[in-house]
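Colleague: Got a sequence here, can you model it:
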Amino acid sequence: MEKNSEESIERVLSCIEENLFRKPDLNMAAHAAHYSRYHLHRMFTRMTGMPLYSYMERRRLTKAAKLLAYGAAYAALSAAVRKWMK
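Modeller: Residues are numbered from 1 along each chain as shown. Sure, this is the predicted structure:
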């Protein structure tokens, strides 16, 4: 039975998103894709243009930046509402 590479990589991406702020685990990602660690690393790099750990790092930084931006916007709005309520 031949595996569909795109579906396998989609499962890996879902696994990464679900475990974004946990310790990177190539074994868990390989299990989600039903590939060996070696094959997953090669397939992921070929299909996404970057190694798995680089992708995970980039996703973490993007998510952290969004959380910081949301937190800053929330803090500014909260301060404005408190000032307006006085």
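
Colleague: Quick check: which ranges of the protein have low pLDDT?
Modeller: 1-3, 72, 74-81, 83-86 (pLDDT under 70).

Colleague: Helices of that one, residue ranges please.
Modeller: For the chain, the helices defined by DSSP state H occupy 5-18, 26-33, 37-48, 52-85.

Colleague: The residue lying closest to residue 44 once chain neighbours are set aside: what's it in contact with?
Modeller: Leaving aside its sequence neighbours, residue 44 sits nearest to residue 52 (Cβ to Cβ, 6 or more residues apart in numbering; 4.8 Å). Bear in mind the C-beta positions are built from the backbone N, C-alpha and C, glycine included. By Cβ atoms under 8 Å, 6 or more residues apart in numbering, the contact list for residue 52 reads 12, 24, 26, 29, 40-41, 44-45.

Colleague: Please report the distance of residue 52 from residue 67.
Modeller: Separation of residue 52 from residue 67 (Cβ to Cβ, to the nearest Å) stands at 23 Å.

Colleague: Buried deepest among the helices of the chain, which one?
Modeller: Of all the helices of the chain, helix 26-33 has the most neighbours on average by mean count of other Cβ atoms under 10 Å, namely a mean of 18.

Colleague: Any idea how far it is from the middle of the chain?
Modeller: 14 Å (Cα atoms, centre = their mean, to the nearest Å).
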